[in-house]
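A.B. asks: Below: sequence and its predicted model.
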Amino acid sequence: MARDYVQRALRCLKEAELALSEGDAPMAVRRSQEALELAVKALLRAIGVEYPRSHDVSDALLEHGERLPEPIGERVGDLARLVADLAAVRGPAFYGYEREGIPASRAFSLDYARRVYERVEPYVREIERLIGALPPV
């Protein structure tokens, strides 16, 4: 399961990169969030943590931070904040801010989307490396 999650996370990361190259900031944010969510859930699954069935698993990361392998473990606070921050914009990156009448295309700048991607990509790659190093089942 963890390996499958990582493969799907890598696919989302590729889609985020494509969205960036096409100037689609909200989709880049959304796919970056999905990539990180899948990668983190893969990591939690790999260490035997039953995570909540929600998009924000930051509390589970913090609760089990001491069990996370390095170098992720030493950055668990930063990772948890990123997971929580991106979970909060997951919906708006797809639908915009409907009450305010702000479409997703106006809610997210390309600069913001690039910064999100640049923060997410190293975590996803590190988790890919950690999961890849696990013994086969």
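C.D. replies: Done, it's in. Only a predicted model underlies this, so the values are computations on that prediction, with no experimental measurement involved. Residues are numbered from 1 along each chain as shown.

A.B. asks: Name the secondary structure element that contains the most centrally placed residue in the chain.
C.D. replies: Using Cα atoms, centre = their mean, the residue of the chain that lies closest to the mean C-alpha position is residue 36, 1.5 Å off. Following DSSP states H and E, one finds residue 36 within helix 25-46.

A.B. asks: C-terminal to that helix, which secondary structure element comes first?
C.D. replies: Beyond helix 25-46 on the C-terminal side, the first helix or strand identified by DSSP H and E is helix 58-63.

A.B. asks: That next one - contacts with which helices or strands?
C.D. replies: Packing partners of helix 58-63 (3 or more Cβ pairs under 8 Å, 6 or more residues apart in numbering; DSSP states H and E): helix 25-46, helix 76-95. Every C-beta, even on glycine, is put in place using the N, C-alpha and C of the backbone.

A.B. asks: by contact count, what packs against the helix holding residue 36?
C.D. replies: helix 2-21, helix 58-63, helix 76-95, helix 104-107, helix 110-132.

A.B. asks: do that again at 7 Å, thanks
C.D. replies: Applying 3 or more Cβ pairs under 7 Å, 6 or more residues apart in numbering; DSSP states H and E, one finds that helix 25-46 contacts helix 2-21, helix 76-95, helix 104-107, helix 110-132.

A.B. asks: For the third one, C-alpha coordinates in CSV please.
C.D. replies: Spelled out, that is helix 104-107. Provided in CSV are the C-alpha atoms of helix 104-107 (Å, rounded to 0.1, in the frame of the first residue of the first chain):
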residue,chain,number,x,y,z
ALA,A,104,-9.6,29.5,-8.2
SER,A,105,-7.9,31.1,-11.2
ARG,A,106,-7.9,34.4,-9.3
ALA,A,107,-7.3,33.0,-5.8
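
A.B. asks: Touching it from outside, list them.
C.D. replies: The contact list for helix 104-107, computed with Cβ atoms under 7 Å, 6 or more residues apart in numbering, reads 26, 92, 93, 94, 95, 96, 97.
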